[in-house]
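> below: sequence and its predicted model.
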Amino acid sequence: MNDPRALEQLRQERETFDHAKVEVARWSRLRLIMGYAGITALLGVAVVSGIIVLNPSRYPTGVVTVAATTLLVDILSLSVSIFKLVLQQGSATRLKPVTIVRPGPR
């Protein structure tokens, strides 16, 4: 492959693929961080709401109702978020070749 144009095209295709690879890695890292943040937030809300719900005599009825509702909504929303962002197949960017198939010499 001594053709300067073909070499330049191959170099650009490699750079395009490398850029896509870095972008996929960054998105994967962000999704992982967001997952851990969501789990941490869920645990925090669950602990506070659980304390309130398990000790209803210490808190007014309205506070217990809000804590139970918050706990339910938080668990449901986290479950939906995990399904949509993590478990759904189409959510991840797939790496694919960017090289153009050139017909061989005849």
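Perfect, thanks for sending it. Predicted, not measured: the structure shown is a model, and the values here were computed from it. Numbers count the residues shown, from 1 in each chain.
> what's the closest non-adjacent residue to Ile75?
Leu42 (7.0 Å; CB to CB, 6 or more residues apart in numbering). (C-beta placed from N, C-alpha, C; glycine too.)
> I'd assumed Asp74 was in contact with that neighbour.
Yes: shown here, Leu42 and Asp74 form a contact pair, counting by CB atoms under 8 Å, at 5.9 Å.
> helix or strand next in line after whichever strand or helix holds Ala20, which one?
Per DSSP states H and E, Ala20 falls inside helix 4-54. Once the chain leaves helix 4-54, the next helix or strand it forms, by DSSP H and E, is helix 61-82.
> got a list of contacts for that next one?
Residues from elsewhere that reach helix 61-82, judged by CB atoms under 8 Å, 6 or more residues apart in numbering: 35, 38-39, 41-42, 45-46, 48-50, 52-53, 56, 59.
> from those, which is closest to Trp27?
Proximity of the contacts of helix 61-82 to Trp27 (CB to CB) peaks at Gly35, which lies at 12.5 Å.
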